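> Structure for this input, please:
(chains A and B)
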Amino acid sequence: MTNLIIIFLSIVFVNNFLLSQFLGICSFLGVSNKMSSAVGMSGAVVFVMILAEAVTWPVQQILDKFGIGYLQTVVFILVIAALVQFVEMFMKKFLPSLQKALGIYLPLITTNCAILGATINAITFEYSFAQSMIYSFGAGCGYAVAMIIFAGIREEKMNDLGDAVPAAFRGVPIILVAATIMSLSFMGFTGMFQ
Amino acid sequence: MSGILTPVLIVAVIGLVCAGLLVVASKVFAVEVDERVTKVRECLPGANCGGCGFAGCDDYAANLVEDETLPCTKCAPGGAAAAEAIAAVLGRDAGSVEPQVAQVMCNGTCDKSRTVLEWQGLQSCKGAKGWFSTPNACMFGCIGLGDCVNACEFNAIGVVNGVARVNRDECVACGSCAAVCPQSIIQLVPKKSQVHVLCSSTDKGAVARKNCDNACIGCMKCTKACNFDAITVENNKASIDYSKCKSCGMCVTQCPTGALNTLKEMTTASFAKLKENTDKAIEKKKAAAKAE
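Predicted structure coming up:
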């Protein structure tokens, strides 16, 4: 049990996907301009990460059985893409309200490196099924934490900076600088768990 | 040979299973989309401005088909043409569209109003308002740092001589400027109305006048001058009932301060000229200040 809690906390804070491992940066910069879309995107990521983990872990067992574990990247991309498509169709039919909330973010996530990273990492660390589920849930939560904090910073302080920023830094550069500072602050968690 | 055969086979099988699953899913989970929604959507301009109150044109189209009581005149950018087209698709009466424009209810231009401090912080109205009530002496007027200008997707609003002005040719009345204005002094008014109370101050007359030459002082002269009972004064401020106003301009002749104003139709040309003139004047002023 403690093992699971450590896995969860260390992926949320110490090895945060966005701020320490630099996975899923594209959506981190792209969707974080508004709090509402950041929350929607985070929800979708947590959802898809858990689903993807639940599917790819058994698939890896099949691959291992035939001794072709090296094909995991290709197969995982295939499986995750198909899975997200399937889930979207399913939600459209049976859960239209959920589909409305997450709908536009799901296709974005299909090929998100954070999802693939979480699934492959869980295999590399040789986690059991339960451990890898907790790992992917934690990865999603870590994504959500970083995303929501950053969206809050951007919405509150950075959306209309105007002339306050030197011309060369306007737009994406100043956002990257802000993301860097936030990433530095998360370095404070390093060494919390052994 | 078998070295390569196994991986190829397995990946192919996984691919086929996924493909089969998706094909079955697309049949089983198929959702019928009402073809009227697509047609209604084609009638809308696709500006996705949200002026109708829905999340974009797609959402408005879907709601139009679902809800029969929803008026098909809500699209401001599409105007009457879009309303008629939608009505034709849905087989309803178009109803009449009263074209609207945004109107900034302030006339506190640089030369007429007083400021109490020079704001050098974040160049946005929201920022200035967040620190102080406003840099202006009048707490109600236009701050003039252009939050509305940034919000406008149609390039129809600009800050002229310290006050935001709407270009009536370009404005589609989506209301996004009104939503961001921290002073809440932008209103949507009927486009045909020419007379507006260009003041939002509810200060008492003497105070309002002290802050701005163009302020409404609540003297009630306009209410007496109006032949149609269209003007009422409440909280030291006149307001016009646009359903009664005939834009005759009687009130304007009586107004002692210039708060009530007949606006000549702001067209693209006159707007550009006005902006150019004031920009020049401001530059001159700046140059003069520098020379000193």
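
> Okay, buried residues for the host helix or strand of B:Ala208 please.
Element membership of B:Ala208, judged by DSSP states H and E, is helix B:205-211. Buried residues in helix B:205-211, counted by 16 or more other Cβ atoms under 10 Å in any protein chain shown: B:207-209, B:211. Every C-beta, even on glycine, is put in place using the N, C-alpha and C of the backbone.

> Look up phi and psi at B:His196.
Recorded main-chain torsions at B:His196 are phi -140, psi 150, according to degrees, to the nearest 10.

> Spell out which residues of chain A are next to chain B.
Taking Cβ under 8 Å from any Cβ of the partner chain, the part of chain A that reaches chain B is made up of A:59, A:62-63, A:66-68, A:71, A:74-75, A:78-79, A:82-83, A:85-86, A:89-90, A:92-94, A:160-164.

> List only those of those residues flagged as buried.
A:59, A:63, A:68, A:71, A:75, A:78-79, A:82-83, A:85-86, A:89, A:92, A:160-161.

> now the residue lying closest to B:Met139 once chain neighbours are set aside: how far from chain A?
Leaving aside its chain neighbours, B:Met139 sits nearest to B:Ser133 (4.9 Å; criterion: Cβ to Cβ, 6 or more residues apart in numbering or on different chains). Separation of B:Ser133 from chain A (Cβ to the nearest Cβ, to the nearest Å): 19 Å.

> From B:Val24, how far out is B:Ser133?
64 Å (Cβ to Cβ, to the nearest Å).

> from the buried residues of helix B:205-211, which is closest to B:Thr223?
Using Cβ to Cβ, B:Ala208 comes nearest to B:Thr223 of the buried residues of helix B:205-211, at 17.0 Å.

> need the contact list for that closest one.
Contacts for B:Ala208 (Cβ atoms under 8 Å, 6 or more residues apart in numbering or on different chains) come out as B:138, B:199, B:201, B:215-218, B:236.

> Can you show me the strands along the stretch 151-292 of chain B?
Ranges of strands in the stretch 151-292 of chain B, per DSSP state E, counting those that start in this stretch, are B:157-160, B:163-166, B:186-190, B:195-197, B:231-234, B:237-240, B:260-262.

> Pick out the shakiest of the ones you listed, pLDDT-wise.
Ranked by mean pLDDT, these bottom out at strand B:260-262, with a mean of 59.

> right, so of the strands of the stretch 151-292 of chain B, which gets closest to chain A?
strand B:157-160 (13.0 Å; Cβ to the nearest Cβ).

> give the contact list for residue 164.
Chain wasn't specified; assuming chain A. So A:Ala164 contacts B:122-123 (Cβ under 8 Å, 6+ apart).

> Oops, wrong one, chain B.
B:104, B:106, B:142, B:144, B:146, B:148-149, B:157-158, B:177, B:186.

> Could you pull out the helices in chain A for me?
Here chain A has its helices, by DSSP state H, at A:2-9, A:25-30, A:35-65, A:72-94, A:96-102, A:106-110, A:113-124, A:129-153, A:172-186.

> care to break chain B down by domain?
B:35-90, B:100-291 (automatic domain parsing).

> got the contact list for A:Phe186?
By Cβ under 8 Å, 6+ apart, the neighbours of A:Phe186 are A:13, A:16, A:19-20, A:146.

> hmm, back to that, so which of the contacts of B:Ala208 comes closest to A:Thr111?
Distances from A:Thr111 to the contacts of B:Ala208, taken by Cβ to Cβ, are shortest for B:Cys138, at 54.2 Å.

> Which pLDDT value belongs to the closest one?
86.

> Now it: which helix or strand?
Per DSSP H and E, there is no helix or strand for B:Cys138.

> Show the backbone phi and psi for it.
Dihedral angles (degrees, to the nearest 10) for B:Cys138: phi -80, psi 130.

> Just give the number of residues close to it.
By other Cβ atoms under 10 Å in any protein chain shown, the residues close to B:Cys138 number 26.

> who's in contact with the nearest residue to it once chain neighbours are set aside?
Closest residue to B:Cys138 apart from its sequence neighbours, by Cβ to Cβ, 6+ apart: B:Asn211 at 4.1 Å. The contact partners of B:Asn211, taken as Cβ under 8 Å, 6+ apart, are B:108, B:113-114, B:136-138, B:201, B:203.

> Nothing else from me, thank you.
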